[in-house]
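[1] heads up, no residue letters with this:
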């Protein structure tokens, strides 16, 4: 009985997935419940037919649309839809993206690297780089223990380590600068 209830909870969490979708500076909450799409908590009614791979015919409110999935950038989670010949970029954020944003960790993946700050309060378990060392995007910089989890903080971009302002065993506060580039 316990296994069935766990399976049901797991299935419900998959079925009731929620995303934040941004297009043309408008944000929408999109969720899936019982194989139906909900847009900002309202059920989204449409007729969808697959024409061929990445091409669909959609009827919404008695209006016909030709929709093509023209591209998908896995790094930025941006989908390019071509609707009736016009391109629409759509950014999709899932539960993990929203949690990272809430913790302030979403900014670590953007632009030029100036410094790395603690994304949350924690204890530095190890520093994986040295001053003067060149790093590439994705290289491990340090391991931060927070909320009973070991978090590998990686380089958000290419750069050279200018200074390290913390050491193994130090406690750090959220947004405290640890490494400068």
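    That came in fine, so what should we check first? Computed from a prediction, not measured in an experiment: that's the story for all the values here.
[2] Excluding chain neighbours, what is closest to residue 85?
    Spatial nearest neighbour of residue 85, excluding adjacent residues (C-beta to C-beta, 6 or more residues apart in numbering): residue 66 at 7.8 Å. Yep, even glycine has a C-beta here, placed from its N, CA and C like the rest.
[3] and the longest strand seen in the chain, which residues are buried?
    The single longest strand within the chain, with elements called by DSSP state E, is strand 63-73. By neighbour count on 16 or more other C-beta atoms under 10 Å, the buried set for strand 63-73 is 67, 68.
[4] what lines up beside whichever helix or strand comes after it in the sheet?
    Downstream of strand 63-73, the first helix or strand assigned by DSSP states H and E is strand 78-83. Note on strand 78-83: by DSSP bridges, its sheet partners are strand 63-73 (antiparallel), strand 86-93 (antiparallel).
[5] any chance of these in JSON lines, plus distance to residue 159?
    JSON lines is the format used below for those (distance: least, C-beta to C-beta, whole Å):
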{"stretch": "strand 63-73", "distance to residue 159": "23"}
{"stretch": "strand 86-93", "distance to residue 159": "26"}
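[6] Select, out of those, the one closest to residue 125.
    Nearest to residue 125 among the strands paired with strand 78-83 is strand 86-93 (29.1 Å), distances taken as C-beta to C-beta.
[7] contacting residues around the closest one?
    With C-beta atoms under 8 Å, 6 or more residues apart in numbering as the test, strand 86-93 has contacts from 19-24, 70, 76-82, 101.
[8] how does it look with 10 Å?
    Outside strand 86-93, the residues within contact range by C-beta atoms under 10 Å, 6 or more residues apart in numbering are 18-24, 27-28, 30, 67-73, 76-82, 97, 99-101, 106.
[9] how about stretch 142-154: buried residues?
    Neighbour-count burial for stretch 142-154, counted by 16+ other C-beta under 10 Å, picks out 142, 143, 144, 146, 151, 153, 154.
[10] For the last one, list each beta-bridge partner.
    When bridges are assigned using DSSP bridges, the partners listed for residue 154 are residue 140.
[11] Hmm, residue 119 and it touching each other?
    No - assessed by C-beta atoms under 10 Å, residue 154 is found out of contact with residue 119, at 11.3 Å.
[12] dump the residue contacts of residue 147.
    By C-beta under 10 Å, 6+ apart, residue 147 lies in contact with 103, 120, 121, 122.
[13] Read off the pLDDT value for it.
    With respect to pLDDT, residue 147 scores 78.
[14] got it, and residue 172?
    Looking at residue 172, the pLDDT reads 94.
[15] repeat for residue 6
    Note on residue 6: pLDDT of 42.
[16] Equivalent analysis for residue 29, please.
    So, for residue 29, pLDDT stands at 88.
[17] which is the next helix or strand following the strand or helix carrying it?
    Here residue 29 sits within strand 26-33, counting by DSSP H and E. The helix or strand immediately downstream of strand 26-33 is strand 36-39, counting by DSSP H and E.
[18] Noted, bye for now.
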